[in-house]
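Peer 1: Here's a sequence, model it:
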Amino acid sequence: MADDELETLPETEPSACRDDGASKRVREDEETENNAGKKAKLVSEKAEPGKSLEPSGDDCASKRAMEVEHEETENNADNKAKVDSEKEPAEEPQKSVDDAEMEPSSVTVGPKTFITSVEMFDYFYKLLHAWPPNIDVNKYEHMTLLELLKKGHSEGNRKIGKGIKAFQVRFHPQFKSRCFFLLREDDSVDDFSFRKCVNHILPLPESMQIKHDANKALRAKGGSRGRGRGRGGR
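Peer 2: Numbering: from 1, shown residues only. Take a look at the predicted model:
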């Protein structure tokens, strides 16, 4: 028995050594796995820094700033579109042919400019009744009356003849009313109706035009004490 025990004792020590070596390797493997896990975690954190399940305060502020900037951009675009639309002139309604014909057009007679025929008529009517009889009109009114003859009288060249040296207001011998008279360079004298001249340049309202039948009747009677509004001239 002693011999058997001596023979088996050396076998016990190697078995214990083997167990210790296996345990050591297991621990080393576990440490290696733990180190690998830690290393993988560190790599993932370095690859995506700052990434977390919940946004940080800086992320919220940055996101809000971007939203505010986007809203301001949209508001600026809307305001610009509104300003551009206000700058565009409103489209004017198309005018009909009748409206265009009714609109007055300015007319220049010598140094004077008139918008309507009534305005032109009133000017010469006031001159006729304000200027003293048998006195030459001034240079300003001379130019105006001369231009009135040229533009408005159907026989302006014949009326002017060799030239006009003066215009006067006189009482017409037939109608006994005030009338414009022209004095030519050859000392001949003639009268003319400023009303007819005005009506030829810019048509007067029907109520202010000369009634030819009434004018003929006045001539047949040898005159009238009318209002003297330039009816006597030709």
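Peer 1: mind checking how far N134 is from V107?
Peer 2: According to CB to CB, to the nearest Å, N134 stands 30 Å off from V107. C-beta: built from backbone N, CA, C; applies to glycine.
Peer 1: now L149
Peer 2: Distance of L149 to V107, given as CB to CB: 15 Å.
Peer 1: Looking at these two, which is more packed in?
Peer 2: Comparing L149 with V107 by other CB atoms under 10 Å, the one with more neighbours is L149, at 21 against 18.
Peer 1: Just say helix, strand or coil for the more buried one.
Peer 2: Here L149 is recorded as helix under DSSP: H, G, I helix; E, B strand; the rest coil.
Peer 1: Return the list of helices and strands in contact with the helix or strand where E141 lies.
Peer 2: E141 is located in helix 139-152, with elements delineated by DSSP states H and E. If you count contacts as 3 or more CB pairs under 8 Å, 6 or more residues apart in numbering; DSSP states H and E, helix 139-152 packs onto strand 107-109, helix 117-130, helix 156-160, strand 164-171, strand 178-184, helix 194-201.
Peer 1: Just send these back as JSON lines, with mean pLDDT and distance to T144 too.
Peer 2: Shown next, in JSON lines, are the helices and strands packed on helix 139-152 (pLDDT from 0 to 100; distance: least, CB to CB, whole Å):
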{"stretch": "strand 107-109", "mean pLDDT": "95", "distance to T144": "6"}
{"stretch": "helix 117-130", "mean pLDDT": "97", "distance to T144": "8"}
{"stretch": "helix 156-160", "mean pLDDT": "93", "distance to T144": "14"}
{"stretch": "strand 164-171", "mean pLDDT": "97", "distance to T144": "9"}
{"stretch": "strand 178-184", "mean pLDDT": "97", "distance to T144": "11"}
{"stretch": "helix 194-201", "mean pLDDT": "96", "distance to T144": "10"}
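Peer 1: Which helix or strand in the protein has the lowest average pLDDT?
Peer 2: Taking mean pLDDT, DSSP states H and E as the measure, helix 97-102 is the helix or strand of the chain with the lowest mean score, a mean of 45.
Peer 1: where does this protein have low pLDDT?
Peer 2: The chain contains residues with pLDDT under 70 at 1-24, 26, 29, 36-63, 65, 68-70, 72-73, 75-104, 211-234.
Peer 1: re the thing from before, the helices and strands packed on helix 139-152: which one's closest to M208?
Peer 2: M208 sits nearest to helix 117-130 of all the helices and strands packed on helix 139-152, at 6.6 Å, using CB to CB.
Peer 1: Show me which residues of that closest one are buried.
Peer 2: When burial is assessed from 16 or more other CB atoms under 10 Å, helix 117-130 yields the following buried residues: S117, E119, M120, F121, Y123, F124, Y125, L127, L128.
Peer 1: Same question for stretch 182-191.
Peer 2: Using 16+ other CB under 10 Å as the test for burial, stretch 182-191 gives L182, R184, D190, D191.
Peer 1: Helix, strand or coil: sort out the third one for me.
Peer 2: Of the three states, D190 takes strand according to three-state DSSP.
Peer 1: That one reaches G156, doesn't it?
Peer 2: No. At 11.7 Å, D190 does not count as touching G156 under the criterion of CB atoms under 8 Å.
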